[in-house]
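In: Sequence first, predicted coordinates after that:
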Amino acid sequence: MMPKYCDGVSRRDAIKAGVAGAFGLNLASMFQLEAAEAAAASGKNAIFIFLTGGQSHIDTWDMKPDAGEMKGEFESIATNLPELRVCELMPYLAKQADKYAIVRNVSHTQGAHSPGQRYLQTGNQKIPSLEYPDYGAVISKEHQSPRGVPQYVLLPGGGSNSAIYSSGYLGVAHGPFSALGDPNAKGYSVRALATPEGLSKKQIEARQSLLQSVDTKFRNAGLADQELDGMDKSYQKAFDILQSEKVRKAFDIESESANVRDLYGRHTFGQSCLLARRLIEAGTRCVSIYNGGWDTHENNFRELKNTLIPPWDQGLAGLLADLHDRGLLENTIVWCTGEFGRTPKINDKGAGRDHWARAMSMLYAGAGVKGGQIIGETDKTAAEPVGKIYSPDDAAASFFNAIGIDHLKEYHTPDGRPIMITGKGSPIPELFA
C-alpha cells in the first residue's frame, strides 16, 4: 500500500487554487498542466516504463535452469536472438529480442521501496536534504514540445502511482500531465481536456484576460517575483492544452484501428503503451508508464503467471514493434526497469521472492541503442553480477545520453545550490557500441 502524504499548501499554491477555479480547473490539474521552460530541443523522445515493486529478474530475463530449488516454476523459451532465452510466459518479447538490449549486471544497495524507487527514477540516491527530479521532469525542462502539447505525461494517471513521481527541486512546473483513468475502459477520455463547465472558446479567452488582470494585481501587491515566476507561461500552457486539437486526437485511443489495439493487448498496460506511442507522435517528449504490483513476497509464481507477465509481455512487445514499423524507434528511447530484482531464494511465507538490490535486469531499446544483445551476467543463482557491475547512476546516464541530455549538466536549486542532473555514473558503453 502506498503511504499517504500530508504536505502543506504554500501561499503560492493557494493563489493558484483560487485562480484555477475560475477556469474550471482544480489545483492538481494546474500543477500537471504547467509548462516547462525548455533550454533546448532535440529530435529524441523517451518512454520510461517503471515496474513498481521490483520485477523478479530470475523469473524473466535472467533464467537459471541449473539453480536447483531457486530456479522456480517456469521454464525458458528461445528468442530470435540465439544467445537469449526468456521466461516461457514472454512469447511476444521473445519475437522482438533483436530490437532491445538486456542489461543483467545492474546492482545497488537500496533494498527498500522508497529509496529504491527514487534512485531508479532519478539516477541519484535519496537524501533528506534534497528532492531530485525524476527523468520526465528533466526532459520537460530540456526538450520543448509543440505548442499545446504537454512535454511530460504520466500513464495511467491518478491514484497511488502519482505519489511516487516528483519533479523535485525543478518545481511543479515540470511535473507530469497526469491523464486520469484507464485507457482500456470503454469511452475513455481525459477530463482535463474537457471544456470547463461547457465554456466556449470565447469565454475561456475572456477568463484568460481576467487571469492576467488578477496576476497583475498580485504582482503589484508585493509578492516576491520567485513566487510567481513562470506562472504566466504555466497558465498559457494550460489554455493551449485545453484548446489543442492535436492533443485531443492523441488521447482519442478509440480512433485507433482494432488490429493495432489488439497488437498491444486489451488491458490497461497495453493500451497505456499504445497511448504513449500516440503521444510521442503528437510531440510529447517523455511518457512515463506506471506498471505496479511486482512486489511478490507471496505467490510470486501465481501472480507472475496470472496477472503480471502476460499483459506486460504483450504491451511492451507491441510498443517496440509498432515504434519500429512506424520509424519512431530510432528517435525514441524505451527504458523498462523496476527499483530492484527479487531474491533467488524462494521464501517460506507463501512461495514468494523478496527484495533484492544486488542484482537486477533492465531493458533498453531505440534512440541509438544497439538491439539484439545481452550486457553483463550474474552467477549461477542470479544473486550477484559476475565481472563488471553497473549502477543505477550509469543506467540513468545512459538514458539521458540516448536523448541528447548531458547528465553532468549543472542546475541550481531554488536556494541557489549547484547540483548536476546525475553527478555520478557514465553511460553504459555496450549499449551504444
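Out: Arrived safely. Residues are numbered from 1 along each chain as shown.
In: For the stretch 51-200 of the chain, give me the ranges with low pLDDT.
Out: 158-160, 191-200 (pLDDT under 70).
In: hmm, 80 instead?
Out: 157-163, 191-200 (pLDDT under 80).
In: In it, what residue spans correspond to helices?
Out: 91-94, 113-122, 135-142 (DSSP state H, counting those that start in this stretch).
In: so which of these comes closest to Ala250?
Out: helix 135-142 (16.7 Å; Cβ to Cβ). From N, CA and C alone the C-beta is placed, and that goes for glycine too.
In: hmm, who's touching that closest one?
Out: Residues outside helix 135-142 that contact it (Cβ atoms under 8 Å, 6 or more residues apart in numbering) are 36-40, 46, 48, 121-123, 133, 151-152, 154, 165-168, 170, 174-176, 285-288, 396, 399-400, 403, 405, 421.
In: Can you flag the buried ones in those?
Out: Neighbour-count burial (16 or more other Cβ atoms under 10 Å) is assigned, among the contacts of helix 135-142, to 36, 46, 48, 121-123, 133, 151-152, 154, 165-168, 170, 174-176, 285-288, 396, 399-400, 403, 405, 421.
In: so of those residues, which ones are in strands?
Out: Using DSSP state E to define strands, the subset of these located there is 46, 48, 152, 154, 286-288.
In: Burial check on the residue nearest to Leu130 when sequence neighbours are not counted, number of neighbours?
Out: Distance criterion Cβ to Cβ, 6 or more residues apart in numbering; nearest residue to Leu130, sequence neighbours excluded, is Tyr169 at 6.4 Å. Applying other Cβ atoms under 10 Å, we find 18 residues neighbouring Tyr169.
In: quick one on the thing from earlier: distance to Ala321 added to the helices of the stretch 51-200 of the chain, as a markdown table?
Out: Formatted as a markdown table, those follow (distance: least, Cβ to Cβ, whole Å):
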| stretch | distance to Ala321 |
| --- | --- |
| helix 91-94 | 9 |
| helix 113-122 | 26 |
| helix 135-142 | 24 |
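In: Indicate which one of those helices is closest to Tyr264.
Out: Between those, helix 91-94 lies closest to Tyr264; by Cβ to Cβ that is 10.0 Å.
In: what's the closest one packed up against?
Out: Using 3 or more Cβ pairs under 8 Å, 6 or more residues apart in numbering; DSSP states H and E, the elements in contact with helix 91-94 are strand 76-78, helix 309-325.
In: repeat that for 10 Å
Out: For helix 91-94, the packing partners by 3 or more Cβ pairs under 10 Å, 6 or more residues apart in numbering; DSSP states H and E come out as strand 76-78, strand 85-87, helix 309-325.
In: and of these, who's closest to Lys388?
Out: It's strand 85-87; of the helices and strands packed on helix 91-94, that one is closest to Lys388 (Cβ to Cβ) at 21.7 Å.
In: Sort out which residues of that closest one are buried, please.
Out: Those buried within strand 85-87 under the rule 16+ other Cβ under 10 Å are 85-87.
In: same check, this time on stretch 96-116
Out: Buried residues in stretch 96-116 (16+ other Cβ under 10 Å): 96-97, 99-108, 110, 113, 115-116.
In: got it, and stretch 382-398?
Out: 382-383, 385, 390-398.
In: Greatest separation within these: which pair is it?
Out: Longest span within those, Cβ to Cβ: Ala383 and Ala397, 25.4 Å.
In: From the buried residues of stretch 382-398, pick the one nearest Gly376.
Out: Out of the buried residues of stretch 382-398, the member with the shortest distance to Gly376 (by Cβ to Cβ) is Pro385, at 5.9 Å.
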